[in-house]
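Asks: My questions are about this predicted structure, shown below with the sequence.
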Amino acid sequence: MNLNDLFDLTLKGCAKQGALEFQGSSLTFQDLDVRSNQWANHLRESGFERADRLAVYLPNCVELIAAYIACVKAAIIFTPINVLYREREIEHIVDDAEPKALLTNRELSANVPSGSNVWCVEDVMADVGQRPVDFSAEGVEGDSLAALVYTSGTTGRSKGAALTHNNFAANATALNTCWRMSAQDRMLLALPLFHVHGLGNGLHTWLSSGYRVRLLERFRKETILDEFLDFEPTVFFGVPTMYERLLAAPPDVARAIGLRMRLFVSGSAPLPAATLERFRKLFGHTILERYGMSETMMNLSNPYAGERRPGSVGKPLPGISIRLADPDSEDGRVEVADGETGEVLIKGPNVFSGYWRQPAATAQAFTADGYFRSGDLASRSSDGYYTLQGRRTELILCGGFNVYPREIEEFLCEQTGVAEAAVVGVPDTVKGQAPVAYVVAAAGFDAAALLVRCREGLASFKTPRKIVEIDELPRNALGKVQRHLLATKAMAT
């Protein structure tokens, strides 16, 4: 069985049911099936073959979803690109994935590096609409690749996490079961679909269970409460930043929303225990926090029926094995005791097949006995609840996105007036963390101008909150920057 078999249970089995609302328009599952068939025929007739890549650089929209389903049907590898990325970041993904085409819109096309085979959705839709409405899905094995989801690596360069049909199917099946997702649900989906949170959790639980979705182009704090009241969802997947915004709801509005809701889920960054408690009092719901990552999708979850423990990400999902390894254990076989901190190692059908065209990085990411080294640190309680304690590396989690300091540092060091740079994460009440840059100045240094260049050249969540001039970077005897000292300085300023 592959994703086509799973999706057909809904696309064909629930054909006449309402499937998707977006900006005032509605589609049934049959409409979506037909639209994706036309996209699949367009891809085939445009020269796409099995295992070719289609890069998609679009905000949330119907055509992104139709193109994804079409890729699944035609055995094409879907390669989403973060819409906040700019030319520098997109160029790396295009060079690495070598997509046959890049689907975007006219507004975003200005950010695409020259030489790419760009399809603007506004230009190709007329042709797509003329394609046949039937398509025979390719027969593929469950271990065939379905998507390349790019996620920052420890060197600061994005790596393509190769996710299979089986990975997505296992993830959706576990969540549908453990979170009791069903055709009776209504999902308000504001997560970006270029991210594995929206793509892996949102789209796949929907397409495998048949509930109704209202898709938002993005989360807007000015209108989100009206969307809740109008659509009356039962389920919402969000990140901590979204829940911080929802806490601004008037009590009567929060109660009205809470009366219709069944489940609020949070992930992609740690949810402060204080936020969980404030939300519970305001909306009458305890947010369910879980833990996942691009390479594995969901690993751990607080229980749907049972204690949702503040600060904890719960217990392993079905079929998933978790080992907390001593960080000093090279082979990952030495486990820590309950209450002690170890690196989270993961094994299960949700774990990706490896990094695209990076065999050395793939080998390094797995233990000899097949566990994936997450790089995350956690402790386990005596009754089996896991609590994340941070990263082994310097990962910054900003608004649900992974930010590695090395990438920002490399960009800063390319700019006029910068001799050296180091970036650390500092606590942020809204975004979880935010990057702060420490710069050793050279001739021509101008902090304000440097921030402007960062905003132009980097995604917004990678742009430093502030740039601090410093005489020298603290280093140890071997010359390695002591980031913990900078982090302490950043929190004090």
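Replies: Here it is on my side, so go on.
Asks: For the rest of this, base every contact and every neighbour count on C-alpha atoms.
Replies: OK.
Asks: residue boundaries of the helices in the stretch 51-200 of the chain?
Replies: Listed from the start of the chain, the stretch 51-200 of the chain has helices (DSSP state H, counting those that start in this stretch) covering 62-74, 87-97, 121-128, 165-178, 196.
Asks: out of those, deepest packed?
Replies: Comparing these by mean neighbour count (mean count of other CA atoms under 10 Å), helix 196 ranks first with a mean of 26.
Asks: residues in contact with that helix?
Replies: 149, 293-294, 297 (CA atoms under 8 Å, 6 or more residues apart in numbering).
Asks: Kindly indicate the member of those with the most neighbours.
Replies: Counting neighbours by other CA atoms under 10 Å, residue 149 leads the contacts of helix 196 with 25 neighbours.
Asks: dump the residue contacts of it.
Replies: Residue 149 touches 79-81, 160-163, 195-196, 294, counting by CA under 8 Å, 6+ apart.
Asks: Could you dump these into TSV and include distance to residue 304?
Replies: Supplementary listing: the contacts of residue 149 in TSV, determined by distance: CA to CA, whole Å:
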residue	distance to residue 304
79	32
80	30
81	32
160	32
161	29
162	29
163	26
195	24
196	21
294	23
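Asks: Residue 44: which of these is nearest?
Replies: residue 79 (16.8 Å; CA to CA).
Asks: Count the neighbours of the closest residue to that closest one other than its chain neighbours for me.
Replies: Distances taken as CA to CA, 6 or more residues apart in numbering put residue 55 closest to residue 79, at 4.5 Å, once the chain neighbours are dropped. Applying the criterion other CA under 10 Å, we find 27 residues in the vicinity of residue 55.
Asks: and residue 55, bridged to which residues?
Replies: Using DSSP bridges, the beta-bridge partners of residue 55 come out as residue 79, residue 102.
Asks: go on, residue 237?
Replies: According to DSSP bridges, the residues that bridge with residue 237 are residue 265.
Asks: ok, it - contacts?
Replies: Contacts were defined as CA under 8 Å, 6+ apart; by that measure residue 237 touches 188-191, 202, 264-266.
Asks: Quick one: residues contacting residue 1.
Replies: 141-142.
Asks: Please, which helix or strand holds residue 220?
Replies: Assigned by DSSP states H and E, residue 220 falls within no helix or strand.
Asks: What about residue 2, how many residues nearby?
Replies: Neighbouring residues of residue 2 were enumerated by other CA under 10 Å; the total is 20.
Asks: The closest residue in space to it that isn't next to it in sequence: how many residues sit nearby?
Replies: Leaving out its chain neighbours, the residue that sits closest to residue 2 by CA to CA, 6+ apart is residue 142, at 4.9 Å. Counted by other CA under 10 Å, the residues lying close to residue 142 total 16.
Asks: Pop out the phi and psi values for residue 142.
Replies: The main-chain torsion angles of residue 142 are listed as degrees, to the nearest 10 and equal phi -60, psi -20.
Asks: mind checking pLDDT for it?
Replies: In this model, residue 142 is scored at 96, pLDDT.
Asks: Could you chop this protein up by domain?
Replies: Annotated domains of the chain cover 3-380, 396-492 [automatic domain parsing].
Asks: start to end distance for the first one?
Replies: Here the two ends of domain 3-380 are set 34 Å apart, with distance taken as CA to CA, to the nearest Å.
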